[in-house]
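Undergrad: The sequence and its predicted three-dimensional model are supplied below.
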Amino acid sequence: MGAAQANAARVMQSAIWDTADKFLRNVVEEEDYGDYIIPFTVLRRLECLLADTKPDVLTFLAETDLTGKMLELNIQHRFGLHFYNTSPLDLPTIAKSDDKVYESLELYISSFSDSIRDIWDHFELLERAKKLANAGRLWGVVKHFAKQPMHPEELPDTVMGDIFEDIMYKAFNKKGKGAGAFYTPRDAIRLMVDVLFSSDDDGLTGSHPARSVYDPTAGTGGMLLVAKRALKELNSSIDVGLYGQEMMSFAYAIGKADLLIQGERPEALKFDNTLRVDRYASQTFDYVLSNPPFGTDWFDDKEHVEEQAKVPGSRFSHGLPPTPDGQMLFLAHCATKLSPAGPGGSGGRAAVVSNGSPLFTGGPGSGPDRIRAWLLTDYVDAIIGLPNNMFYGTDIATYVWILDANKEPHRQGKIQLIDATRAWHTMRKPMGEKRREMTSQDRDVILEAYQGFEHSNISKIVAPDDLAYRDVPVYLRRRLDVKVTEEAVQKVLTHSAATAEHESLVRRLRGPWNTLPGVIRKEAQTAGLRVSAPLLDTIMFAVAVDDPDAPLAVDRRGRPMFVEDWKMIERVPLSEDMTEHMERNVLPFAPDAVWNEEAAKVGYEIPFSRLFYIPTLMRSLDEIDADVLEVMRSLGEKFKAVHGE
C-alpha cells in the first residue's frame, strides 16, 4: 500500500467511525455501534463497485425478458458482475431529500440480485434503519455514507479490505469478550496459515497453481481472507478458491460482505449449520481452517448427527462426543474435508483450533477416544499449544491441530507437539479476554520449530503409540486363615443342608484355610455326613478371617480369592512392558496385586502439559538458612526498638 492509499485508508476509517459520534450516540448502545456502521459501510462499497456498469445494466434489464439464474449468468457474462441492482436508486439519490428515506432505502436494498439479497436480512438492516428513522437519525446516516468515496479506483480491494478489517476490529472491541463469537484474532490465523503452507512450498511456486481454502465455521470470513492474502504473498499468480459455511446471521452477513468487498464470489460463503448440513458434501479441499466454538452443546443437532454417524465411513462414523461439547465433531468433519493423498505429495492440510478437552476427554473406547485414535493414526501432523489470553472470548489454554492427508516422508508415522505458550507479547490495549498477541517474531520461532522437526525445549516428536495407553484392571489377592467362632458356627447351622452333627465338624476345623476342602470332606466321610458343595462353601467362608501372614487364598476349585470391593485401574503406556510397569509402579505398594492383561482397554490421550513440564528447582538449604537468619536478625532489631534498648 502506497503512502497516498494509506492516508486515504486512514481518512476513510475515521470518517466511517464518525457515524457513531454524529448519529448513533444516545440512540444505540455503544457495544452495538458496529451493528449499524458495518451494514452501511458494506452497502456504500457495493454500490460503488456497481457504479460504472449500473447505467448499462439498467438498460439491459429494461430490454431483456430473462429472469432468475439465466439473468444472473447473462449479466455476469456481459458485465463481469457476480451481483447487481435493478433500481436507479443509490445512497446519494436517497440522500437528496428527507422525504420517505426509509421507504426508499427499503426499495433500494430489495432490488439487489438474489445472490446477495440475504446479506441485508442477516444484517437486519431494515430493522436497524427503522430504529434510526424513528429517532430522526436515518437521513443523517444515509447522507453521511453517501459522501464517502469508496470507488475501487480510490480504494482498491486490498485497501478497502484493510479498512473493513479496522472497522470490524473497532466494532468488536466495543463488544469485548462477546467478540469471540464472531472474530478470530489475526495473529492466531496467521500462525495457522504459515504452518499450513510451510509444507506446500514447492507446490506453490508454479506458474499458475490453484488452491482451495475452506472454513466450516467461517464467522466473519477472516480465516479465508488471511489465507488468500498469504497465498498471494507466496505467489501472486496463484488461483485461490474460497469456500465457507456459517450459521450465525450477523457473522455470516459480515463474512459474505467482506468477501464481496475484496472481490470474491457471493456464493463463496453459505449459510447453514455445518453439523446438520454440509453444504459442500461432495467436495474436499487443499486447505481447511476452522475455529469452532468451544464447549458448545450440540443436543439440538443430536438427531441429525446420529443419523449421519450410522453411515460407515462418514464424517461422524468414527465416534460421537458427549452432547455438551461438539468440538471433536468439527475436528472429525475437517479431517474428512481434506483432499485425499495423491501423487507428488498432494493431499489436504487443516488447522483447527480447540481447547484442551479433545486432548484427553473420554475413556478408552468412548466416542471421543475413538475419534482421537483415528485422527492420531491417520491425520495428525502436529499440535501447537498456544499462549493463554490469545482469543477474545476465553482466557483458557488453546491448541491448534494440524491435520495432513499426506504427510511429508520424514513426518510419516510421527506427530510433533509444539509448546508455543511462551511465544507472545503483551498487547498495548486488551480486547475482551485477549491480552496477548503473537508478533511476527513470535510466529517465526514456532514456524522454525515446526520446520526443524527435532526434539527441543519447545518441540517433541512422538509416535501414535507413544500417546496410547492400556487401562488395566488390578485386583488384590486375599490371604485367609481359619478361626472358629460362635458366630461362624451359627452361620453354618442356618444353611438348609446343615444338621446338628455338622456343628462338631465345624468346631474341630483348623487352618490353613486353603486345606479346608480336603479336611472337611475327610471329616465328613469319617462321621458319615454329607457335605454338598454349597454347604462346603458356607463352612469355608464362615470360618475365614483375613490374615496378612497367611498364604494367598484359593477357593475349593483352586481359583484365586480377591478382596471384595477392591479394584483399581492402572494406566500403562502402550510402549511399556506390562510386567515391568506393574513391578515398578504397583507391586511395591500392593505386593498381593494381580492384573488382567486380557481385559485391558486401549485408549489415547495427549499429555501436553506433562510432556513439556519444567520442574522448578528447589532452593538450597544454605539459601533458606540465610533467609531465616536474616528474618531473625530483623525481628531482633525490631524487638530492641520496641523495648527501647
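TA: Right, received. Where do you want to start?
Undergrad: and residue 601, how many neighbours?
TA: By the criterion of other CB atoms under 10 Å, residue 601 has 15 neighbours. To be clear about C-beta, it is placed using only N, CA and C from the backbone, and glycine gets the same treatment.
Undergrad: Model confidence for it, exactly?
TA: Looking at residue 601, its pLDDT stands at 96.
Undergrad: Report how many residues lie close to the residue nearest to it when sequence neighbours are not counted.
TA: Nearest residue to residue 601, sequence neighbours excluded (CB to CB, 6 or more residues apart in numbering): residue 364, at 3.7 Å. By other CB under 10 Å, 19 other residues sit near residue 364.
Undergrad: so what's residue 364 up against?
TA: 469-471, 601-603 (CB atoms under 8 Å, 6 or more residues apart in numbering).
Undergrad: and if you look at residue 258?
TA: Neighbouring residues of residue 258 by CB under 8 Å, 6+ apart: 161, 164, 168, 220-222, 225.
Undergrad: and it, that's in a strand?
TA: No - Residue 258: not assigned to a strand; according to DSSP: H, G, I helix; E, B strand; the rest coil it is helix.
Undergrad: how much space between it and residue 289?
TA: 15 Å (CB to CB, to the nearest Å).
Undergrad: do the same with residue 7
TA: Counting by CB to CB, the gap from residue 7 to residue 289 is 33 Å.
Undergrad: more crowded one of these two?
TA: residue 289 (29 against 11).
Undergrad: ok, what's across the strand from the more buried one?
TA: Counting by DSSP bridges, residue 289 is bridged to residue 351.
Undergrad: What number of neighbouring residues does residue 249 come out with?
TA: The tally of other residues near residue 249 (other CB under 10 Å) stands at 14.
Undergrad: Same question for the one 4 residues further on.
TA: Residues contacting residue 253 under the criterion other CB under 10 Å number 26.
Undergrad: what does residue 269 give?
TA: The number of residues packed near residue 269 is 29, by other CB under 10 Å.
Undergrad: how about it, what does it touch?
TA: Residue 269 touches 218, 221, 224, 242, 244-246, 252, 255-256, 259, counting by CB under 8 Å, 6+ apart.
Undergrad: top of those by neighbour count?
TA: Busiest of the contacts of residue 269 [other CB under 10 Å] is residue 218, holding 32 neighbours.
Undergrad: From residue 66, how far out is the residue nearest to that one when sequence neighbours are not counted?
TA: Using CB to CB, 6+ apart and skipping residues adjacent in sequence, the residue nearest residue 218 is residue 244, 3.3 Å away. Computed as CB to CB, the residue 244 to residue 66 distance reads 29 Å.
Undergrad: Can you pull the phi and psi angles for residue 418?
TA: phi -120, psi 130 (degrees, to the nearest 10).
Undergrad: need the contact list for it.
TA: So residue 418 contacts 382-385, 446, 449-450, 458-459 (CB under 8 Å, 6+ apart).
Undergrad: Of those, which belong to strands?
TA: If you go by DSSP state E, these have 382-385, 459 in strands.
Undergrad: The nearest residue to residue 18 once chain neighbours are set aside is in what secondary structure piece?
TA: Excluding the flanking residues, the one nearest residue 18 by CB to CB, 6+ apart is residue 144, at 7.5 Å. Assigned by DSSP states H and E, residue 144 falls within helix 138-146.
Undergrad: returning to what we had before: now for the helix or strand that contains the residue nearest to residue 218, which elements pack on it?
TA: Using DSSP H and E, residue 244 falls within strand 239-246. On a contact count with 3 or more CB pairs under 8 Å, 6 or more residues apart in numbering; DSSP states H and E, strand 239-246 meets strand 210-215, helix 222-234, helix 249-261, strand 269-271.
Undergrad: Please state the offset of it from the chain centre?
TA: 20 Å (CA atoms, centre = their mean, to the nearest Å).
Undergrad: quick one: contacts of it?
TA: Counting by CB under 8 Å, 6+ apart, strand 239-246 makes contact with 208-219, 221, 224-225, 227-228, 231-232, 252, 255, 259, 264-265, 268-272, 274, 278-280, 283, 285, all of which sit outside it.
Undergrad: Mind listing the strands that strand pairs with, and their directions?
TA: Here strand 239-246 is paired, per DSSP bridges, with strand 210-215 (parallel), strand 269-271 (parallel).
Undergrad: Among those strands, which comes closest to residue 389?
TA: If you check each of the strands paired with strand 239-246 against residue 389 by CB to CB, strand 210-215 wins as the nearest, at 23.5 Å.
Undergrad: what angle do that closest one and helix 249-261 make?
TA: Orientation of strand 210-215 against helix 249-261 (axes from the mean of the first three to the mean of the last three CA atoms, to 10 degrees) gives an angle of 160 degrees.
Undergrad: who does the lengthiest helix in the chain touch, helix- and strand-wise?
TA: Across the chain, the helix with the greatest residue count (assigned by DSSP state H) is helix 621-642. Where contact means 3+ CB pairs under 8 Å, 6+ apart, helix 621-642 is not packed against any helix or strand.
Undergrad: and it, how far from the chain's centre?
TA: 52 Å.
Undergrad: again with stretch 48-56
TA: Relative to the chain's own centre, stretch 48-56 is displaced by 43 Å; criterion: CA atoms, centre = their mean.
Undergrad: and that stretch, average pLDDT?
TA: 95.
Undergrad: Only C-alpha atoms, please: export stretch 250-267 in PDB.
TA: Taking C-alpha atoms only, stretch 250-267 is exported to PDB below (Å, rounded to 0.1, in the frame of the first residue of the first chain):
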ATOM      1  CA  PHE A 250     -24.700 -11.400  11.700                       C
ATOM      2  CA  ALA A 251     -21.300 -13.100  11.300                       C
ATOM      3  CA  TYR A 252     -22.500 -14.700   8.000                       C
ATOM      4  CA  ALA A 253     -23.600 -11.300   6.700                       C
ATOM      5  CA  ILE A 254     -20.200  -9.700   7.600                       C
ATOM      6  CA  GLY A 255     -18.300 -12.600   6.200                       C
ATOM      7  CA  LYS A 256     -20.100 -12.600   2.900                       C
ATOM      8  CA  ALA A 257     -19.900  -8.800   2.700                       C
ATOM      9  CA  ASP A 258     -16.200  -8.800   3.400                       C
ATOM     10  CA  LEU A 259     -15.600 -11.400   0.700                       C
ATOM     11  CA  LEU A 260     -17.600  -9.300  -1.800                       C
ATOM     12  CA  ILE A 261     -15.700  -6.200  -0.800                       C
ATOM     13  CA  GLN A 262     -12.400  -8.000  -1.600                       C
ATOM     14  CA  GLY A 263     -13.600  -9.300  -5.000                       C
ATOM     15  CA  GLU A 264     -14.800 -12.700  -4.100                       C
ATOM     16  CA  ARG A 265     -17.900 -14.600  -5.400                       C
ATOM     17  CA  PRO A 266     -21.200 -14.200  -3.500                       C
ATOM     18  CA  GLU A 267     -21.500 -18.000  -3.300                       C
END
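Undergrad: quick thing: my sequence starts at 69, can you match it?
TA: I'll keep to 69 as the first residue from here, and by that count the last item is stretch 318-335.
Undergrad: Now do it, average pLDDT.
TA: 90.
Undergrad: now swap in stretch 421-437 and tell me
TA: Here the average pLDDT along stretch 421-437 is 95.
Undergrad: start to end distance for that stretch?
TA: Across its full length, stretch 421-437 reaches 18 Å between end residues, using CA to CA, to the nearest Å.
Undergrad: quick one: which of the contacts of residue 486 is nearest residue 415?
TA: residue 450 (15.2 Å).
Undergrad: tell me which residues form a beta bridge with the closest one?
TA: Here residue 450, judged by DSSP bridges, has bridge partners residue 470, residue 484.
Undergrad: what ranges of the chain fall below the confidence cut-off?
TA: Filtered on pLDDT under 70, the chain yields the residue ranges 69-70, 244-250, 268-271, 712-713.
Undergrad: sorry, back to before: now the longest helix of the chain: buried residues?
TA: Using 16 or more other CB atoms under 10 Å as the test for burial, helix 689-710 gives no buried residues.
Undergrad: May I have the phi/psi pair for the residue nearest the centre of the chain?
TA: Residue closest to the average C-alpha location in the chain (CA atoms, centre = their mean): residue 422, at 2.1 Å. Backbone torsions for residue 422, taken as degrees, to the nearest 10, come to phi -150, psi 170.
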